[in-house]
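K.L.:
Just need the structure, nothing else, for what follows:
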Amino acid sequence: MYFGKIIKYLCYMLLGVSSLVAMPTLSAAPLALQHWHRQAMAEGFDGQVLVVQAGKPLLQQAYGVADYEISKAFTIDTVFDIGSLTKQFTAAAILKLQEQGKLQLTDTLGQFFPETGKDKKAITLHQLLTHNSGLVNNLSGGDYSKVSRNTFIKRLFRSKLDATPGTEFSYSNAGYALLGLIIERLSGQNYEHYVQQHLLKPAGLSHTGYRIPDWSGLAVAAGYELKRDSFFGGKADGSSKRWGTPLEHSWDKDGPWWNLHANGGFLSTMGDLRRWQQALQTETVLSKASTALLFTPHVMTPRDGVFYGYGWIVEPASPAGKVVRHGGSNGIFTADFRYYADTQLLIIFMTNNDSKFFPAYRDTLVEAALSFATIEE
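P.N.:
Below you'll find the model as predicted:
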């Protein structure tokens, strides 16, 4: 039994190495990134990273195993759950509807939902986009509870506000799901179809979404979480258990149920996320004015110097200059997407074992990339 486990472990290690064979050489990468790469390899990191400066890839690598049960290594094309990065697509869709003359950001919930209670009628789209609406963060039941559109609306409108609308930053996944429902009502399409037609296809993204992409021919990463060792007071013992892929969990026919819909749960790839960033920078999918609204520091968060735009966190004057970023995590998968405008530095980080590899690996990757970008200014 023990010998068999050793053989299985060695096979997984070989898979992790084989996923790098076809990758570009690291010899031209900055020394700090080479060091990060060697450490990630030595310590068995599972995930994907992309570092690009001024259009030049500095590090584009896949590490370790995406699905241990079927011996599937990570590649740079592995499909990944990007979590709350989904919010930036929802925000862009709202701005696209404004460009089409179907709404204004000052429109209120009362205009779209006559059944809205008095405490919520005056909440504006701007407040929903900036997490300034006062709505609860999450409704009961969790991401994969079978919550239909109608059930979600009824539960949300019965819920108590966490804050008076317009008075403070209060992160709300429920608010972004509500934006998804507004997109549906005004476009006459379901959420994903509208986003696909007006944003993803024009941007050249073919492996991003819920149900529309054909995932059957693609490798989808499975998630893993640390087991807890009951003999040591609940302290993690370092071993992981399978959580699975999002497609193994309960979804409706058009994607996740509405506790997750439009606020998270999009599947994507590193290549598609890079294309999305390029589309935004070149104003391919939105006008210059709309794109600027995405990255405007609209509402201050509890952290000094950190603001929320529309679907993006904005730090106008971080130590490395202006950065627009967002993370996405369900405690299993974690994705981190950030762009430093002053140095034209893009960093994308993903892991399918959050509790084992985040934040240490993400933070040291960012540090390594910024050390080079600062030198090269």
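K.L.:
From here on, just use CA atoms for contacts and neighbour counts.
P.N.:
Noted.
K.L.:
which residue ranges form the helices in the stretch 151-300 of the chain?
P.N.:
Under the criterion DSSP state H, counting those that start in this stretch, helices of the stretch 151-300 of the chain are mapped to 173-187, 191-195, 201-203, 270-281, 288-294.
K.L.:
for those helices, which one sits closest to P30?
P.N.:
Within the helices of the stretch 151-300 of the chain, the stretch nearest P30 is helix 270-281; the backing value is 20.2 Å (Cα to Cα).
K.L.:
pLDDT averaged over that closest one, what's the number?
P.N.:
Averaged across helix 270-281, the pLDDT comes to 98.
K.L.:
helices or strands up against it?
P.N.:
Helices and strands touching helix 270-281, by 3 or more Cα pairs under 8 Å, 6 or more residues apart in numbering; DSSP states H and E, are strand 47-53, helix 201-203.
K.L.:
would you list those in a markdown table and tack on mean neighbour count and distance to F333?
P.N.:
As requested, these are exported to a markdown table (neighbours: other Cα atoms under 10 Å; distance: least, Cα to Cα, whole Å):
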| stretch | mean neighbour count | distance to F333 |
| --- | --- | --- |
| strand 47-53 | 22 | 10 |
| helix 201-203 | 15 | 25 |
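K.L.:
Let me have the helices of the stretch 151-300 of the chain in JSON lines, adding distance to I212 as columns.
P.N.:
Shown next, in JSON lines, are the helices of the stretch 151-300 of the chain (distance: least, Cα to Cα, whole Å):
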{"stretch": "helix 173-187", "distance to I212": "16"}
{"stretch": "helix 191-195", "distance to I212": "8"}
{"stretch": "helix 201-203", "distance to I212": "12"}
{"stretch": "helix 270-281", "distance to I212": "15"}
{"stretch": "helix 288-294", "distance to I212": "25"}
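K.L.:
List just the one of those that sits closest to D254.
P.N.:
helix 191-195 (7.8 Å).
K.L.:
circling back to that earlier point, out of the helices of the stretch 151-300 of the chain, nearest to N352?
P.N.:
Checking the helices of the stretch 151-300 of the chain against N352 by Cα to Cα gives helix 270-281 as the closest, at 13.7 Å.
K.L.:
so the closest one versus strand 47-53, what angle?
P.N.:
30 degrees (axes from the mean of the first three to the mean of the last three Cα atoms, to 10 degrees).
K.L.:
quick check, distance from helix 270-281 to the centre of its chain.
P.N.:
13 Å (Cα atoms, centre = their mean, to the nearest Å).
K.L.:
K253 is nearest to which of the helices of the stretch 151-300 of the chain?
P.N.:
Among the helices of the stretch 151-300 of the chain, the nearest to K253 by Cα to Cα is helix 191-195 (11.6 Å).
K.L.:
So which elements touch that closest one?
P.N.:
For helix 191-195, the elements it packs on are helix 86-99, helix 173-187, judged by 3+ Cα pairs under 8 Å, 6+ apart.
K.L.:
Redo the ones you listed as a markdown table? Include mean pLDDT, distance to E367 and mean neighbour count.
P.N.:
A markdown table is the format used below for the helices and strands packed on helix 191-195 (pLDDT from 0 to 100; distance: least, Cα to Cα, whole Å; neighbours: other Cα atoms under 10 Å):
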| stretch | mean pLDDT | distance to E367 | mean neighbour count |
| --- | --- | --- | --- |
| helix 86-99 | 98 | 24 | 23 |
| helix 173-187 | 98 | 29 | 22 |
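K.L.:
what would the ones you listed look like in CSV with distance to R275?
P.N.:
What follows is the helices and strands packed on helix 191-195, written out as CSV (distance: least, Cα to Cα, whole Å):
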stretch, distance to R275
helix 86-99, 13
helix 173-187, 23
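K.L.:
quick one: which of these is nearest M270?
P.N.:
Nearest to M270, of these and by Cα to Cα, is helix 86-99 at 13.9 Å.
K.L.:
Would you mind measuring from the residue nearest the centre of the chain to K253?
P.N.:
The chain has L85 as the residue nearest its centroid, 2.6 Å off, counting by Cα atoms, centre = their mean. The gap separating L85 from K253 is 22 Å, by Cα to Cα, to the nearest Å.
K.L.:
where does the chain have low pLDDT?
P.N.:
Low-confidence segments of the chain (pLDDT under 70): 1-28, 229-238, 374-377.
K.L.:
Show me the strands in it, by range?
P.N.:
47-53, 56-63, 65-67, 72-73, 80-81, 223-228, 236-244, 267-268, 299-300, 307-308, 313-318, 321-329, 334-340, 345-351 (DSSP state E).
K.L.:
Among the ones you listed, which comes closest to A174?
P.N.:
strand 321-329 (15.1 Å).
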